[in-house]
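**Q** coords below, sequence missing:
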């Protein structure tokens, strides 16, 4: 009986740490050389649809993980 409570506490802690990591703002570093900064911007622009698709998959997996963790904690 005690093992399940410890496991639920660990799941809750991992969920909280993950939420903190996701909500933290991430800064994009700009290169000091103007040509490199523009090339980076063009590359980000070219790959934007792939990044959007990847982000949607990450969000779907995260929602599944969160709902599974909440169901586990509630049982």
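**A** Received it, and whenever you're ready, just let me know what you need. From a predicted model like this one, the values you see are computed outputs, not experimental measurements. Residues are numbered from 1 along each chain as shown.
**Q** Quick one: list the elements packing against the lengthiest helix in the chain.
**A** Longest helix in the chain by number of residues (criterion: DSSP state H): helix 48-74. Applying 3 or more CB pairs under 8 Å, 6 or more residues apart in numbering; DSSP states H and E, one finds that helix 48-74 contacts helix 2-23. In short, each C-beta sits where N, CA and C put it, glycine included.
**Q** which residues are in contact with the helix or strand just after the helix it packs on?
**A** Sequence order places helix 34-46 as the next helix or strand after helix 2-23, per DSSP states H and E. Contacts with helix 34-46, where a contact means CB atoms under 8 Å, 6 or more residues apart in numbering, come from 30, 31, 51.
**Q** what's the first-to-last distance across stretch 22-32?
**A** 28 Å (CA to CA, to the nearest Å).
**Q** coming back round to it: please point out which parts of the longest helix of the chain sit buried.
**A** In terms of neighbour count (16 or more other CB atoms under 10 Å), helix 48-74 has its buried residues at residue 69.
**Q** pLDDT (mean, whole number) over it?
**A** Helix 48-74 shows a mean pLDDT of 88.
**Q** That helix vs helix 2-23, what angle?
**A** 150 degrees (axes from the mean of the first three to the mean of the last three CA atoms, to 10 degrees).
**Q** contacting residues for the residue nearest to the spatial centre of the chain?
**A** By CA atoms, centre = their mean, the chain has its centre lying nearest to residue 22, at 4.8 Å. Residue 22 sits next to residue 62 when contact means CB under 8 Å, 6+ apart.
**Q** confidence score at it?
**A** Per-residue pLDDT puts residue 22 at 79.
**Q** Quick check: residue 56 vs residue 11, distance?
**A** Computed as CB to CB, to the nearest Å, the residue 56 to residue 11 distance reads 25 Å.
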